[in-house]
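Participant: return atomic coordinates for the entry below.
(one chain, ligands or ions: 1)
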Amino acid sequence: MTTVVTGAHGLVGSRVVARLKGERVIAVGREELDLRQPERIAAFLADVRPDGIIHCGAMTDVDACEKDPETAWAVNAAAVAALAKGRARLTALSTDYVFDGVKGDYSEEDAPNPQSAYARSKLAGELAALSLSRDRAVCRVALVYSGYPAAKRTFASAALEALRKGEPVRAFADQIGSPTLADNAAEMVIAVHRSGEQGVFHCGGATQVSRVDFAS
Ligand SMILES: NC(=O)c1ccc[n+]([C@@H]2O[C@H](COP(=O)([O-])OP(=O)(O)OC[C@H]3O[C@@H](n4cnc5c(N)ncnc54)[C@H](OP(=O)(O)O)[C@@H]3O)[C@@H](O)[C@H]2O)c1
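Facilitator: Numbering: from 1, shown residues only. Now for the predicted structure:
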């Protein structure tokens, strides 16, 4: 069984790759497979013929997506459509940002209502996976943090950095999320991938906290 992991150098993707150690994994980052080029994705899949794809690659900078929705769409939606056209089982990562935050305590049955270019492109990616692949799962993760020193800067690491310097941390009191350790996200995503189950799965942490409480 050959599994392709995209976004292999990212917060979650790197932990997925680490957890699949010993298995036949093709870990690809931006250098190996640029997700803005669907024709390259098709050629890559035809060449590698993987059995499974765990798709962690994404344009995750919310502000950059707002400024450049076309690239957000290419990376977060069109690339998923290209990955979904292969014969491999596809597990595509998505986000709690597909919801508007009004109701809270979301389940997989709740209707998405994305509020940003990032969130709209991620929802489009979900629909591409669900519509175009015959064997697929969407794993929504939330507010990911990581304990690894080399990991990408996150809200948690930025807060820690500021506190260590004795600087104040600014955080919203009315933004509620379920912080998810990158390793736990990887564990859940791999479990969903291996289960063979179809559809959308929430893979966030078990607690619901405001950003202020999370920082504390
Ligand atoms: N982090 C969170 O709090 C969070 C919350 C909810 C959902 N998610 C979702 O979880 C998944 C994994 O996110 P993450 O936190 O691991 O994000 P991340 O650390 O930003 O990883 C995403 C990876 O995608 C790569 N990438 C970006 N543009 C690319 C392109 N054009 N071609 C190829 N690779 C490209 C990035 O490479 P570079 O490093 O070279 O840019 C990066 O390694 C994503 O689907 C994200 O939407 C994350």
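
Participant: so which elements touch the helix or strand harbouring Val17?
Facilitator: Element membership of Val17 [criterion: DSSP states H and E] is helix 11-19. Under the contact criterion of 3 or more Cβ pairs under 8 Å, 6 or more residues apart in numbering; DSSP states H and E, helix 11-19 touches strand 2-6, strand 24-28, helix 182-195. Backbone N, C-alpha and C define where each C-beta goes, glycine included.

Participant: I'd like to know how far the residue of the chain most remote from its centre sits from the ligand.
Facilitator: Distance from the centre of the chain peaks at Gly166, with 32.0 Å (Cα atoms, centre = their mean). Gly166 sits 26 Å away from the ligand, taking Cβ to the nearest ligand atom, to the nearest Å as the criterion.

Participant: same check, this time on Ile190
Facilitator: Taken as Cβ to the nearest ligand atom, the span from Ile190 to the ligand is 13 Å.

Participant: still on that earlier bit, name the SS class of the residue farthest from the centre of the chain, please.
Facilitator: coil (DSSP: H, G, I helix; E, B strand; the rest coil).

Participant: re the thing from before, can you redo the helices and strands packed on helix 11-19 as JSON lines with mean pLDDT and mean neighbour count?
Facilitator: Listed next are those as JSON lines, based on pLDDT from 0 to 100; neighbours: other Cβ atoms under 10 Å:
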{"stretch": "strand 2-6", "mean pLDDT": "98", "mean neighbour count": "24"}
{"stretch": "strand 24-28", "mean pLDDT": "98", "mean neighbour count": "18"}
{"stretch": "helix 182-195", "mean pLDDT": "98", "mean neighbour count": "19"}
